[in-house]
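[1] Please work out how this folds:
(one chain, ligands or ions: 1)
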Amino acid sequence: MKLEKKDSRRAVRKKGGSMKEMEYLNAAGEAMRKIRKGAFLTVRAADAQNTMTIGWAMLGVIWQKPVLMVAVRNTRHTFGLMEKAPDFTVTVPSGDMSRETAFCGTKSGRDLDKFAMCPLKTAKGRHVASPIIQTPGMHFECKKMYQSAMNPAHLDSGLDQAIYPKKDYHTLYFGEILACYETE
Ligand SMILES: Cc1cc2nc3c(=O)[nH]c(=O)nc-3n(C[C@H](O)[C@H](O)[C@H](O)COP(=O)(O)O)c2cc1C
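    Next up is the predicted model:
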């Protein structure tokens, strides 16, 4: 998806396809509401790939780029892949995938192949090496552009106690949104 201004209000349905390009800011409200209930963060690094459930994200503009930021605790298997990969995708299901998000949000790719066990199909990313989860919903393809490991010294102490009793802080990954589209 080109994110130039002239395209910003158009949603293009591709002929013969079930993919609808979306302008990321138009998608933002619905995407953020749904991500809170569980979305898939999928990443591929070399030959390894994994997906995990996320509930937190931010979508907006920074450095003149459309950005989706995800937060991954350093204890996650996904964290190791995120460190190596150049990109990631986020799939926000439109239907009920609570069984799958519960599975991918409690099991680790360290121990099992979630794609096989869940099971979940993937589809190739259009602009990134990481695949998307092949399910009806919104898909964001993102190129890593910045990352920042949380510094607890700069964190509100109440939040530190409430969210990080085990001191397993998040790393924040800012991804430039290269494509944003909906599938049926
Ligand atoms: C609804 C839901 C939302 C979650 N959101 C996040 C999140 O935003 N960041 C995170 O690091 N873990 C989050 N988790 C936990 C991970 O998905 C979970 O630890 C998962 O098993 C990690 O998988 P991995 O070890 O294969 O990376 C969430 C779990 C659930 C159920």
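[2] quick one, phi psi at the residue of the chain found nearest the ligand?
    In the chain, the residue found nearest to the ligand is residue 105; the distance is 2.5 Å by C-beta to the nearest ligand atom. The C-beta positions use only the backbone N, C-alpha and C, and glycine is treated the same way. Residue 105 adopts backbone torsions of phi -100, psi 0, taken as degrees, to the nearest 10.
[3] what about it, neighbour count?
    Residues near residue 105, counting by other C-beta atoms under 10 Å, number 14.
[4] Could you report the pLDDT at it?
    At residue 105, the pLDDT value in this model is 98.
[5] likewise residue 52?
    98.
[6] now do residue 9
    With respect to pLDDT, residue 9 has a value of 30.
[7] in what helix or strand does the spatially most central residue of the chain lie?
    For the chain, the residue sitting closest to the mean C-alpha position, by C-alpha atoms, centre = their mean, is residue 90 at 2.7 Å. Assessed by DSSP states H and E, residue 90 sits inside strand 87-93.
[8] May I have the strands that pair with that strand, each with its orientation?
    Here the strand partners of strand 87-93, with direction, are listed using DSSP bridges: strand 39-45 (antiparallel), strand 137-149 (antiparallel).
[9] any chance of those strands in TSV, with distance to the ligand too?
    Putting the strands paired with strand 87-93 into TSV (distance: least, C-beta to the nearest ligand atom, whole Å) gives the following:
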stretch	distance to the ligand
strand 39-45	8
strand 137-149	13
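[10] looking at these, which is buried most?
    With neighbours taken as mean count of other C-beta atoms under 10 Å, the strands paired with strand 87-93 reach their highest mean count in strand 39-45, at a mean of 27.
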